[in-house]
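[1] Could you work out the structure for the sequence below:
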Amino acid sequence: MRAALLTAHGPGGLAAANANAPVAAAGEVLVRVETVGVNQLDRNVMAGRGPGAAARLPRILGLDPAGVIVAVGDGVDRARIGDHVVVKPNIPCGRCARCLAGNEADCPAQTVVGVHRDGGAAEFVAVPAASAFDRGGIPAELATAAVHSLPIVINAFDAVDVSPADRVLVTGAGGTLGQVAVAYAHHLGARVIAASRRRVPVPEGVRSVVVKDAGDLPRGVTALEPDGVDVVIDVGGNGPMLGAAIEVLAWGGRAAFCAASVDPRFEVDMLSFYLRRKRIVGVASADYAQVRRALALVASGAVVPRIGARYPLDRIVDAYREFGTSPPGKVIIEVADPAHPTPEELYT
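    Next comes the predicted model:
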C-alpha cells in the first residue's frame, strides 16, 4: 500500500512510499482510509521533539484518519464491516482507574495513532475497534477535521466550566484548533474574543484582535472588555502569550491550554493569580463521550470545522512543507484512490 513513511528525523526523512498493509489484530478493525489531516503533532514526530519524541522509526504518520471498515479482528462484530468511521487518535489503556471512571482523556498510559503505532496517512490503518467512531453521514474530510480538534476543545471548555454568561478569550485563534475553539464558544453563546497574529474569519458577533506579540494582548483585550475575561482557552502553546492571557483574567478567571507544541515555560504574576483566585488546567485529549458529542455537533451543523488546503497522499511532503502558509482551515490529505486493491486482493 502507499503510505506517508517517516524513516529519519528532519528534512528529507518523510516520503510517500510503499509499505506493508496492516492486518486487524484481536479487538481491532482495518480501515480503508479516505482522508487524514496534517497536524502539529505530526511535525513534532518528524522533528523527534516534544510529544513526538516517543515515536520509533520507521513510522507511518497520520493521527485522524476517516474511512470505511473493511475487515475486523477476533472479538469484533463482523457487522461493523462497511461502517463509515473516523479514528480517535488518543487510545486509552481501558484498565486504569481513570478509564474505568469514563475519564479516558486522563489515562496516564494512553498511546497515540501515528506516534506510538502506525497512523492513517496510508491506504489502510488498523486501530482498536473502540477508537473507530461511526461518523454516519459526515463526509470524511469533515470528520477528519473534527475528530481530534473539537473533542479536545470540548474537554477544555468542560474543564473550566464555560457557560453562556462567560467572556471567553481564545488565543491562537488563527490555527485549526483555535478556529474550532472560537466556533464552539460562539455556539455556547459566550461573548468571544479571538486573538491571533493575523486577521482570520470569525463567526458573526465574535470580536477579534490581532496581536503581533504578547505585549499587544492585554491592551487589545481590555479595549474590548475593560474588566477582563472569565475564561482563556489557549491553543497556541506560546508561553509569553499564555502568560499575558492569564494577566487579563478577571476575578475567579479560569484558563485551559491545549497545544501539541508548547513552550517549556511561561511566567505568571503569582500574587495576582493568588489574590484574584485564578485557575489553570492543561488538556491534551478527550473522553469517548466528548468525541461522540463533537461528531453530533458536526452532524447537526452546529459547529463545522473549516477545511483549508487539500493534497493527494503522494504530495504529503508538500503539505507539511507548506503547513502554516496554507489558507485558514484544516489541511486535508486525500488518500482514497479508485484504484485501491480490495482487502481480498491484499491478503490473497
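[2] and the helix or strand A296 falls within, what does it pack onto?
    Using DSSP states H and E, A296 sits within helix 288-300. In this structure, helix 288-300 makes packing contacts with strand 132-134, helix 140-147, helix 149-159, judged by 3 or more C-beta pairs under 8 Å, 6 or more residues apart in numbering; DSSP states H and E. All C-beta spots, glycine's among them, are computed from the backbone N, C-alpha and C.
[3] helices and strands of the protein: which one bottoms out on pLDDT?
    Within the chain, no helix or strand scores below helix 343-347, which has a mean of 46 by mean pLDDT, DSSP states H and E.
[4] quick revisit: also compute the angle for the helix holding A296 relative to helix 140-147, please.
    Between helix 288-300 and helix 140-147, the angle formed by their directions is 140 degrees, by axes from the mean of the first three to the mean of the last three C-alpha atoms, to 10 degrees.
[5] Buried residues, helix 288-300. List them.
    Residues of helix 288-300 classed as buried under the neighbour-count rule (16 or more other C-beta atoms under 10 Å) are Y288, A289, Q290, V291, R293, A294, L295, L297, V298.
[6] pLDDT weak spots in the stretch 201-348 of the chain?
    Using pLDDT under 70 as the threshold, the predicted model of the stretch 201-348 of the chain has low-confidence ranges 260-261, 337-348.
[7] go again using 50 as the cut-off
    338, 343-344, 346-348 (pLDDT under 50).
[8] where exactly do the helices run in it?
    Remark: helices assigned in the stretch 201-348 of the chain by DSSP state H, counting those that start in this stretch are 216-224, 239-247, 270-275, 288-300, 316-321, 343-347.
[9] which one of these lies closest to A71?
    Each of the helices of the stretch 201-348 of the chain has some distance to A71 by C-beta to C-beta; the shortest is helix 343-347, at 5.1 Å.
[10] what are the C-alpha coordinates of the helix holding A296, in PDB please?
    Written as PDB, here are the backbone C-alpha positions of helix 288-300 (Å, rounded to 0.1, in the frame of the first residue of the first chain):
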ATOM      1  CA  TYR A 288     -15.100   8.900  24.300                       C
ATOM      2  CA  ALA A 289     -18.300  10.800  25.300                       C
ATOM      3  CA  GLN A 290     -16.700  14.000  24.200                       C
ATOM      4  CA  VAL A 291     -15.800  12.500  20.800                       C
ATOM      5  CA  ARG A 292     -19.500  11.500  20.400                       C
ATOM      6  CA  ARG A 293     -20.600  15.000  21.400                       C
ATOM      7  CA  ALA A 294     -18.300  16.600  18.900                       C
ATOM      8  CA  LEU A 295     -19.400  14.400  16.000                       C
ATOM      9  CA  ALA A 296     -23.100  15.100  16.900                       C
ATOM     10  CA  LEU A 297     -22.400  18.800  16.700                       C
ATOM     11  CA  VAL A 298     -20.800  18.500  13.300                       C
ATOM     12  CA  ALA A 299     -23.600  16.200  12.000                       C
ATOM     13  CA  SER A 300     -26.200  18.800  13.100                       C
END
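[11] and that helix, how far from the chain's centre?
    Taking C-alpha atoms, centre = their mean, to the nearest Å, the mean C-alpha location of helix 288-300 is offset from the chain mean by 14 Å.
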